[in-house]
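Undergrad: kindly generate the corresponding structure for this input.
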Amino acid sequence: MITVYSLVVYKNRPALVKEIQGDKIHIELPDGQIVKAREKDFEMIHPGPAKDLRFAENEAGLSGAGQTDAVRDTWELLESEGGAVSLRELADLAFGAYTPASAWAAFQLLADGLYFTGTPETIAPRKRETVEADEQKRQEKQKEAEDRERFLEDMRRRIKTSQTSSPGGNTISAGDILPEDTLPAELAAGSRFIQDVESLALGKSSKSKTMKDLGLSENPQDAHNLLLSAGFWTVRNNPHPARFGLSLTCPQITFEPPPPEQRRDLTHLAAFAIDNSWSRDPDDAVSLAEVNGRRVLYAHIADPASSITAEDLSEREARDRGATLYLPEATVWMLGEQSISRFALGLEETSPALTFEITLDENGEIADTGIYPSIVKVSRLSYPEADNLLNGEHGQTNTAPGSAAGILRGLWELAEQNTRRRVNSGAVNIDLPETHISLAADRLTIEPVLPYKSADMIRECMLLAGEGAARWAIERRLGADSSGGLAFPFVSQEAGDIPGNVLPGFAGSYQLRRCMRPRTLSLKPAPHWGLGLNMYTQVTSPLRRYTDLLAHLQIRAFLRGETPLTAEEVSARLGAGEAAASASVQAERASRAHWTAVYLSNKKDSIWNATALEKKGNRWALVIPALALETQVPLRGNIAPNDEVKLVLKSVNIPRSEAVFVEE
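TA: Down below sits the predicted model:
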């Protein structure tokens, strides 16, 4: 029977009956709160009188080592006898008396569930093997909790230490040699507790219990900072590709030999694959000839579509990746490593290619375009080597039309004419500094990308190939009936708002870049304003751009007389591939910013030449050409666009890819 001062359990908490008014009973909780309840809402575990609930606040007397032994002895006794007892009997056996305190302790034993199960009226001991298994689990859990607390204390100490050192975690060692990417032994034991921080830093999760327990903001940058500060990561760790959902593992694709087909033998033409010295995937080459009094440009392009069909897994892999991912620390090939040895040009004596034969009239306009599979003999040149031939340097004096230098001169003249043609049509030329960032043999370097005539020449040749391919596709599209037209990806760009007075130099290019509108990929041909072309597509990089590969698949299907993809299929694949390629572009840009910050991290107080671009409020936008890095800095004095300014590096934050400069 419930009376005043009886001890009851209300929502798994002890409570004291203070007043009874009919079926309404006032009970007091440990925090002093008075609650009105009915008898069915609680369970009496001791009739009282219990004057207060202080025993619920301090149970040391019933939970010490001696009492733990007594509880286990009680369980072993009951387990061996196989009997059940009441709560009162359990309290008396385990704690030597039935008091409000022992009753509450006995109830907790029942609620805990390790040794006993049942209800307060009928409490049975659990089986020995079950108890021992649960005891092992609890011990392991307790040890894990203790290990985690020691880990958190160590992290707090490391955070405090890092706050007195340079911002941004750690820096590269002497020179530009990167530190070893190995986990110190003292951190290895806690590595399992840092996994949620790594997931946050890599963009795989938006939460981190460890960050929360340490009182840190749960965002990727702060997680990166903790990993650096604590020593779990070094500056080698670049989290940005993962944040954009990109894999750093090349696809494992095995290409079947292409089906037999007739390839036009063009090995009599001198063909040149010209690229940067660090390029490993030559996928285009150029030749020049005169046919029936007209200049003919041959753009020989790698031919993976000879082996890949629209339904192959390799096509899906390329679509999912969108593009080859170029990082300073690695290159992740869109079609896998084997695609380079199988399809790149100039790696063997002869190379299969898809040739775009562009016939030009006397004004440099495209008169005709032919596309066909070919066999070519390609010579590889770097831009400096090609420029030496163009400029007649290092003893290259043979400029006869059939010589290498003579052919390159002819290509240069063609390129100059095409540049003039595009500029007259409104083409926009943006010339801002570029750099090549590389990580090789543990050394990080940033080198300016120098201007080369041959680079401009190849650009114009590839633009002609893209324009010619667009014309070729349009002709076949218009020549087919409505159900059988060739669906084809075109690249266009709407006109931007060019200011009336474009500045010269870097400042002018900065103005123009801000006016540029995004390019558009669609099945409808339209002018490309920035290039000054009435129609355009991209077909010259099928090894590293999915949209180019998709265009090749459509061309190949048409040439073979097979059914090409429908407009709906091309449009869907175009969207998927472009979305993936956009992620690659963003990851590359973020990675460049990361490695630039790493490069600068041990160069505090170094002085850099910068060029003023535009004033923004009380700050100036500037570019540091040696780094291709744009920054904003308050400047003193009367500064004008394109003025040279010296900046001093004051701090670097690697997790945020930020470098702070001030005027010297």
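
Undergrad: so what's L360 up against?
TA: For L360, the contact set (C-beta atoms under 8 Å, 6 or more residues apart in numbering) comprises R294, R295, V296, L297, I366, A367, L414, L464. Quick note: C-beta positions are derived from backbone N, CA and C, even for glycine.

Undergrad: per-domain residue ranges of this structure.
TA: 7-131, 143-164+182-233, 264-593, 603-663 (automatic domain parsing).

Undergrad: just put the ones you listed in CSV and tack on distance to K137.
TA: CSV is the format used below for those (distance: least, C-beta to C-beta, whole Å):
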stretch, distance to K137
domain 7-131, 10
domain 143-164+182-233, 10
domain 264-593, 42
domain 603-663, 38
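
Undergrad: report the beta-bridge partner residues of V291.
TA: Judged by DSSP bridges, the bridge partners of V291 are R294.

Undergrad: count of neighbours near it?
TA: 9 (other C-beta atoms under 10 Å).

Undergrad: same check on E663?
TA: Neighbour count of E663, defined by other C-beta under 10 Å: 16.

Undergrad: distance check, it against T631.
TA: E663 sits 11 Å away from T631, going by C-beta to C-beta, to the nearest Å.

Undergrad: find residues that contact each of those two.
TA: With C-beta under 8 Å, 6+ apart, E663 and T631 have common neighbours L647.

Undergrad: mind listing what's buried in the one helix or strand D320 maps to?
TA: D320 belongs to helix 313-321 when assigned by DSSP states H and E. By 16 or more other C-beta atoms under 10 Å, the buried positions in helix 313-321 come out as S314, E315, E317, A318, R319, R321.

Undergrad: quick one: mean pLDDT for that helix?
TA: For helix 313-321, the per-residue pLDDT values average out at 97.

Undergrad: and what of stretch 656-664?
TA: So the average pLDDT for stretch 656-664 ends up being 97.

Undergrad: then that stretch to CSV, C-alphas only?
TA: Once non-C-alpha atoms are left out, stretch 656-664 reads as follows in CSV (Å, rounded to 0.1, in the frame of the first residue of the first chain):
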residue,chain,number,x,y,z
ARG,A,656,41.9,27.6,-46.1
SER,A,657,44.4,27.9,-49.0
GLU,A,658,44.9,31.5,-48.1
ALA,A,659,48.0,33.7,-48.3
VAL,A,660,48.0,37.2,-46.8
PHE,A,661,50.2,39.9,-48.4
VAL,A,662,50.8,43.5,-47.5
GLU,A,663,52.4,46.3,-49.4
GLU,A,664,56.2,46.5,-48.9
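
Undergrad: buried ones in it, by neighbour count?
TA: For stretch 656-664, the neighbour count (16+ other C-beta under 10 Å) marks R656, S657, E658, A659, F661, E663 as buried.

Undergrad: likewise stretch 443-451?
TA: Neighbour-count burial for stretch 443-451 flags L444, I446 (criterion: 16+ other C-beta under 10 Å).

Undergrad: next one: stretch 379-389
TA: Within stretch 379-389, the residues scored as buried using 16+ other C-beta under 10 Å are R380, L381, S382, Y383, E385, A386, D387, N388, L389.

Undergrad: re the thing from before, got the buried residues of stretch 656-664 as JSON lines, with secondary structure and distance to A201 columns?
TA: Output for the buried residues of stretch 656-664, formatted as JSON lines (DSSP: H, G, I helix; E, B strand; the rest coil; distance: C-beta to C-beta, whole Å):
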{"residue": "R656", "secondary structure": "coil", "distance to A201": "12"}
{"residue": "S657", "secondary structure": "coil", "distance to A201": "13"}
{"residue": "E658", "secondary structure": "strand", "distance to A201": "16"}
{"residue": "A659", "secondary structure": "strand", "distance to A201": "20"}
{"residue": "F661", "secondary structure": "strand", "distance to A201": "26"}
{"residue": "E663", "secondary structure": "strand", "distance to A201": "34"}
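
Undergrad: and of the residues you listed, the nearest to V9?
TA: R656 (53.2 Å; C-beta to C-beta).

Undergrad: please verify my assumption that that closest one contacts Q221.
TA: Yes - using C-beta atoms under 8 Å, R656 is in contact with Q221, at 5.1 Å.

Undergrad: mind listing the strands for the stretch 51-200 of the chain?
TA: Ranges of strands within the stretch 51-200 of the chain are 116-119, 122-125, based on DSSP state E, counting those that start in this stretch.

Undergrad: among the ones you listed, which comes closest to S306?
TA: Judged by C-beta to C-beta, the one of those that comes nearest to S306 is strand 116-119, at 71.4 Å.

Undergrad: quick one: list the elements packing against that closest one.
TA: helix 100-112, strand 122-125 (3 or more C-beta pairs under 8 Å, 6 or more residues apart in numbering; DSSP states H and E).

Undergrad: so which of those is the most surrounded?
TA: helix 100-112 (a mean of 21; mean count of other C-beta atoms under 10 Å).

Undergrad: tell me which helix or strand in the protein has the weakest average pLDDT.
TA: helix 60-63 (a mean of 47; mean pLDDT, DSSP states H and E).

Undergrad: can you list the buried residues in stretch 518-537?
TA: Applying a neighbour-count criterion of 16+ other C-beta under 10 Å, one finds 519, 521, 523, 525, 527-533, 535-537 buried in stretch 518-537.

Undergrad: can you list those in TSV and add pLDDT and secondary structure?
TA: Formatted as TSV, these follow (pLDDT from 0 to 100; DSSP: H, G, I helix; E, B strand; the rest coil):
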residue	pLDDT	secondary structure
R519	95	strand
L521	96	strand
L523	95	coil
P525	94	coil
P527	98	coil
H528	98	strand
W529	97	coil
G530	97	coil
L531	98	coil
G532	98	coil
L533	98	strand
M535	97	coil
Y536	98	coil
T537	98	coil
